[in-house]
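Peer 1: need a structure here:
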Amino acid sequence: MNKRTTSAARMMGIGLIALSMTVTATACGRSGPATAPAADGGLASAPGFDGNKITLGVLGVTTGALAEPSGTILEGMQAYYKALNDKGGIDGKYKVDLLVRDTAYDPAKVIQEYNSSKANVLAYTQIFGTAMTNAILPDLNADGIIGIPSSGDGTLLHQPSIMMTTAPAEIDVINGIEWATSQSGQKNARVCYAALEGALGASSKDALYWGAGKMGLNTGTSVTLPLDGDYTPQIQELRRDGCQIIMTKGSGVVLTKLLSKAAEVGFAPQWMAPSSDWIPSMKASPLAAYMQAHLLLVKDATIYGDTNAAGMADMMAAHDKYTPNVTPVWLYTNGYSSAMALTSVIEKAIASGDLSRKGMMAAFNSTTALDFKGLQGNMPWGAPAVRAASSVYSVIGIDVSTQTGQKIKDFGVEGKTSKGYTFQNKK
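Peer 2: Purely as a prediction, here's the structure:
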């Protein structure tokens, strides 16, 4: 087999038709309702399961600057669950509804929405954002409710209630600089960092400089980027420091503003970012030529349309049927594959005959790998202490003539330095 085929196999092996958008709030106590016995000898009802239907929670962002990335992830989830419901639902008989709440990316609001929805959901299929996840993390763990964060913060990887469905951002930045500096003539290039303010930006910066130290790289400055504001001072600092390769982490909104300012002043280093920072609107950006020349993406995933991935045909069919107007960038793929992984845990709990909080957690902890069918690198799983990130990644170039604005530049690369990285500051 050639490298493309064998790498696809390695990435796979590592480690509603009526979808409800309910927004009403229901007050509940901390522990939620108890599991009720089944009258007919079937599965007992439980929070988020009424004996016939499974309800999953979404704590997303539907308004403001972050609505685009949050919504794109949710569209991928919806496509998966709608296709599943068309086949009868989970285990062929339990259809899925989504209970969607807007957190407005406000920690106080996410706590409120969590408390008002938790009694009515089996698990949370999306919690958008690192800060939002951290705001409710103590309660998730105490309540024993599984949640999928739309966050790459590796400090969440070993949390009991958290299902990470992508390699953490810390791994992305180490892999990104490892690849970039391995290219011809780049070993001594000056490596710098620019990130959105907050916990994820700080932990990714620590990882980048840790990795650079292990590789003996020439490192320079790092700058912090507010969600709002003019990035002229940051660009000037990066330029003055002679930065040649700049790893970034934030969001598509932040990356677009950063590259716009760089292009405006004629600053053209090699920019690198996790694929999670590429949002659909960037494909139609007037920055297209600049991005094609100066931006690369890195992620433990392939791109939409890669039929070497076993799960791609099903995802493409679901996209075309249910969300044909959505540009299926990595965020969409992650939403779809996250729904796939959560479904596999629910199926395992059903097989054990217990959809209670305790039954779900037992199924979660006994899952040996999160299998994304080649859409993303599989995550070695199990009890919190043994969970690990996928170890291969792809480097993705920009080509706005394609459906997603992306093309594979290097596929199935084995991360070397990142294998030695550990997440020390677990929250």
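
Peer 1: and the strands in this structure?
Peer 2: 21-22, 53-60, 95-102, 124-128, 147-150, 190-196, 218-225, 245-249, 270-274, 295-299, 369-370, 379-380, 392-398, 406-414 (DSSP state E).

Peer 1: possible to save these as CSV with mean pLDDT, mean neighbour count and distance to residue 70?
Peer 2: Where C-beta positions appear, they are placed from N, C-alpha and C, glycine not excepted. Listed next are the strands of the chain as CSV, based on pLDDT from 0 to 100; neighbours: other Cβ atoms under 10 Å; distance: least, Cβ to Cβ, whole Å:
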stretch, mean pLDDT, mean neighbour count, distance to residue 70
strand 21-22, 37, 14, 14
strand 53-60, 98, 25, 5
strand 95-102, 98, 22, 9
strand 124-128, 98, 28, 4
strand 147-150, 97, 27, 7
strand 190-196, 96, 24, 15
strand 218-225, 97, 19, 19
strand 245-249, 96, 27, 17
strand 270-274, 97, 25, 16
strand 295-299, 97, 25, 18
strand 369-370, 95, 22, 21
strand 379-380, 94, 20, 22
strand 392-398, 96, 24, 21
strand 406-414, 94, 18, 20
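
Peer 1: mind putting the ones you listed into TSV with distance to residue 361?
Peer 2: Output for the strands of the chain, formatted as TSV (distance: least, Cβ to Cβ, whole Å):
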stretch	distance to residue 361
strand 21-22	25
strand 53-60	16
strand 95-102	19
strand 124-128	14
strand 147-150	12
strand 190-196	32
strand 218-225	37
strand 245-249	31
strand 270-274	29
strand 295-299	29
strand 369-370	15
strand 379-380	17
strand 392-398	29
strand 406-414	33
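
Peer 1: for residue 157, find the nearest of these.
Peer 2: Of all those, strand 379-380 sits nearest to residue 157, with 8.8 Å by Cβ to Cβ.

Peer 1: which residues touch that closest one?
Peer 2: With contact meaning Cβ atoms under 8 Å, 6 or more residues apart in numbering, strand 379-380 is reached by 14-15, 164-165, 167, 368-370, 386-390.

Peer 1: quick one: which of those has the most company?
Peer 2: Most neighbours among these, by other Cβ atoms under 10 Å: residue 167, with 29 neighbours.

Peer 1: how about the contacts made by that residue?
Peer 2: For residue 167, the contacting residues are 152, 299, 300, 377, 379, 389, 390, 393, by Cβ under 8 Å, 6+ apart.

Peer 1: can you pull up the most central residue in the protein?
Peer 2: With distances taken as Cα atoms, centre = their mean, residue 150 lies nearest the centre of the chain, 4.7 Å away.

Peer 1: leaving out chain neighbours, which residue sits closest to that residue?
Peer 2: residue 128 (4.4 Å; Cβ to Cβ, 6 or more residues apart in numbering).

Peer 1: now the contacts of residue 167 in a markdown table, with distance to residue 282?
Peer 2: Converted to a markdown table, the contacts of residue 167 look like this (distance: Cβ to Cβ, whole Å):
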| residue | distance to residue 282 |
| --- | --- |
| 152 | 18 |
| 299 | 15 |
| 300 | 20 |
| 377 | 23 |
| 379 | 27 |
| 389 | 26 |
| 390 | 25 |
| 393 | 20 |
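
Peer 1: quick check: the residue nearest to the centre of the chain vs residue 329, distance?
Peer 2: Using Cβ to Cβ, to the nearest Å, we find residue 150 at a distance of 13 Å from residue 329.

Peer 1: mutual contacts of these two, please.
Peer 2: With Cβ under 8 Å, 6+ apart, residue 150 and residue 329 have no common neighbours.

Peer 1: for the residue nearest to residue 150, list the residues it contacts.
Peer 2: So residue 128 contacts 59, 60, 61, 66, 69, 70, 73, 103, 105, 149, 150, 151 (Cβ under 8 Å, 6+ apart).

Peer 1: where do the helices of this structure begin and end?
Peer 2: 3-13, 67-86, 107-117, 130-143, 169-181, 199-215, 232-240, 252-264, 288-294, 312-322, 330-352, 357-365 (DSSP state H).

Peer 1: remind me what the fourth one packs against, helices and strands.
Peer 2: In other words, helix 130-143. When contacts are defined as 3 or more Cβ pairs under 8 Å, 6 or more residues apart in numbering; DSSP states H and E, helix 130-143 packs onto helix 107-117, strand 124-128, strand 147-150, helix 199-215.

Peer 1: residue ranges in the stretch 301-427 of the chain under the pLDDT threshold?
Peer 2: 424-427 (pLDDT under 70).

Peer 1: surely residue 156 touches residue 133?
Peer 2: Yes - in this structure, residue 156 is within contact of residue 133 by Cβ atoms under 8 Å, at 6.4 Å.

Peer 1: what touches both of the two?
Peer 2: 149, 162.

Peer 1: still on that earlier bit, and which of the contacts of strand 379-380 is nearest to residue 240?
Peer 2: For these, the nearest to residue 240 is residue 167 (32.5 Å; Cβ to Cβ).

Peer 1: residue contacts, residue 415?
Peer 2: 171, 174, 175, 178, 391, 392, 393.

Peer 1: pick out the most distant pair among those.
Peer 2: The distance between the two most remote of these (Cβ to Cβ) is 13.3 Å, for 174 and 392.

Peer 1: buried set for stretch 343-357?
Peer 2: Within stretch 343-357, the residues that count as buried by 16 or more other Cβ atoms under 10 Å are 343, 344, 345, 346, 348, 349, 350, 354, 355, 356, 357.

Peer 1: CA atoms of stretch 98-114 as CSV?
Peer 2: Extracted in CSV, the C-alpha atoms of stretch 98-114 (Å, rounded to 0.1, in the frame of the first residue of the first chain):
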residue,chain,number,x,y,z
LEU,A,98,-31.4,17.9,21.0
LEU,A,99,-32.1,20.3,23.8
VAL,A,100,-30.3,23.5,22.6
ARG,A,101,-29.4,26.4,24.9
ASP,A,102,-27.6,29.6,24.0
THR,A,103,-24.8,30.4,26.6
ALA,A,104,-23.9,33.7,24.8
TYR,A,105,-20.4,32.6,25.7
ASP,A,106,-20.9,33.9,29.2
PRO,A,107,-19.8,31.7,32.2
ALA,A,108,-22.6,32.8,34.4
LYS,A,109,-25.1,32.0,31.6
VAL,A,110,-23.7,28.6,30.9
ILE,A,111,-24.0,27.7,34.6
GLN,A,112,-27.6,28.8,34.5
GLU,A,113,-28.4,26.9,31.3
TYR,A,114,-26.7,23.8,32.6
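
Peer 1: how far off centre is it?
Peer 2: Relative to the centre of its chain, stretch 98-114 is centred 18 Å away, using Cα atoms, centre = their mean, to the nearest Å.

Peer 1: how about stretch 48-56?
Peer 2: Centroid separation between stretch 48-56 and its chain, computed with Cα atoms, centre = their mean, is 25 Å.
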